[in-house]
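>>> Need a 3D model of the following:
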Amino acid sequence: LTVAELPDSMGYEDYYAGFEDAPEWVTVEPAIGKLDRRGGAETTLTVTACPPPGTSFSGELGLVCVLPDDIDKAFKVTLTVGDGVATSDFDAGSDADMG
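Coordinates of the predicted model:
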């Protein structure tokens, strides 16, 4: 899953991205970086879920992009993993169809 962060500040801005209360097997990359200034290139944050075998999870996670010099941004990510969930159902089919 990717999240596009559009630049809306007058200058370049540092950011720190992470989840409020996600399982340790859910990550975001790059977790630290610099956003372009308004009108510049968007920054793509990639969310990855690699649960251990046999893990089941279904819920909403809060992805927060902390901007030390501006208002933080938050995104809601809905995630379901476990038996009976095909890979293509949540990652647009980047792996073989498991269903």
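
>>> residues in contact with residue 84?
Applying C-beta atoms under 8 Å, 6 or more residues apart in numbering to residue 84 gives no contacts. Bear in mind the C-beta positions are built from the backbone N, C-alpha and C, glycine included.

>>> Phi first, then psi, for it.
phi 90, psi 0 (degrees, to the nearest 10).

>>> Over to residue 58?
Here residue 58 shows phi and psi, under degrees, to the nearest 10, equal to phi -150, psi 120.

>>> cool, residue 12 as well?
phi -60, psi 150.

>>> pretty sure it contacts residue 37?
Yes - counting by C-beta atoms under 8 Å, residue 37 is a contact partner of residue 12 at 5.6 Å.

>>> okay, those two: which has more neighbours?
residue 37 (14 against 11; other C-beta atoms under 10 Å).

>>> how close does residue 42 sit to residue 27?
20 Å (C-beta to C-beta, to the nearest Å).

>>> Of the two, give the one with the bigger neighbour count.
residue 27 (16 against 12).

>>> quick one: what helix or strand has the more buried one in it?
strand 26-29 (DSSP states H and E).

>>> shaky segments in this structure?
Within the chain, the segments meeting pLDDT under 70 span 86-99.

>>> residue ranges for the strands of it, please.
For the chain, the strands defined by DSSP state E occupy 2-5, 13-19, 26-29, 32-35, 43-49, 57-66, 73-81.

>>> quick one: contacts of the second one?
Which is strand 13-19. Contacts for strand 13-19 (C-beta under 8 Å, 6+ apart): 5, 7, 26, 28, 30-35, 37, 43, 45, 61-70.

>>> Show me which of those are buried.
Among these, the ones that count as buried by 16 or more other C-beta atoms under 10 Å are 5, 7, 26, 28, 35, 43, 45, 61, 63-65, 67.
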